[in-house]
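**Q** can't give you the sequence, but here's the structure:
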């Protein structure tokens, strides 16, 4: 997770402020690869390789959760949903408000969601409120995120 202590961030801030942002996907890939290689070292063992893969996956998932998913939710509301059986997470699913997301009314009520055939008793995930949950109350995606925390 990128949320290291403030005092630990200071070690990187000057270099990051002076660093030119990548202008293309290729440049971004190059920079990430160089950071990975610097961390892995000249002869990484399996544990170090596994750490790198885990960090890349966690960074990808966190970027998706914090940046891409909210953007996509906005586009669903702007252009219409294509998943009629899976509502977007909202405050009402968490029991703290009306059926809205960022102030925009939902197009469908989570209480009226059609759970996929063969799974009539599966409630929605207690974490995201969008996917069918398992006995522990979480969907596969949220369970995976919890393992990374």
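**A** Perfect, thanks for sending it. Bear in mind that the values here come from a model prediction, so they are computed numbers and not experimental data. Numbers count the residues shown, from 1 in each chain.

**Q** what packs against the helix ranked longest in the chain?
**A** In the chain, assigned by DSSP state H, the helix with the most residues is helix 46-63. Judged by 3 or more Cβ pairs under 8 Å, 6 or more residues apart in numbering; DSSP states H and E, helix 46-63 is in contact with helix 25-40, helix 140-148. Using the backbone N, CA and C atoms, a C-beta is placed for each residue, glycine as well.

**Q** worst average pLDDT in those?
**A** When the helices and strands packed on helix 46-63 are ranked by mean pLDDT, helix 140-148 comes last with a mean of 59.

**Q** can you tell me how far the residue nearest to residue 56 when sequence neighbours are not counted sits from residue 69?
**A** Nearest residue to residue 56, sequence neighbours excluded (Cβ to Cβ, 6 or more residues apart in numbering): residue 36, at 7.5 Å. For residue 36, the distance to residue 69 equals 25 Å [Cβ to Cβ, to the nearest Å].

**Q** Return the helix or strand in the chain with minimum mean pLDDT.
**A** strand 100-101 (a mean of 44; mean pLDDT, DSSP states H and E).

**Q** Where does the record place the domain boundaries for the protein?
**A** Annotated domains of the chain cover 1-80, 81-149 [automatic domain parsing].

**Q** any idea which of the ones you listed scores lowest on pLDDT?
**A** domain 81-149 (a mean of 55).

**Q** can you count the residues close to the spatially closest residue to residue 59 that is not a sequence neighbour?
**A** Counting by Cβ to Cβ, 6+ apart, residue 59 lies nearest to residue 2, which is 6.9 Å off, once chain neighbours are set aside. Residues lying near residue 2 (other Cβ atoms under 10 Å) number 10.
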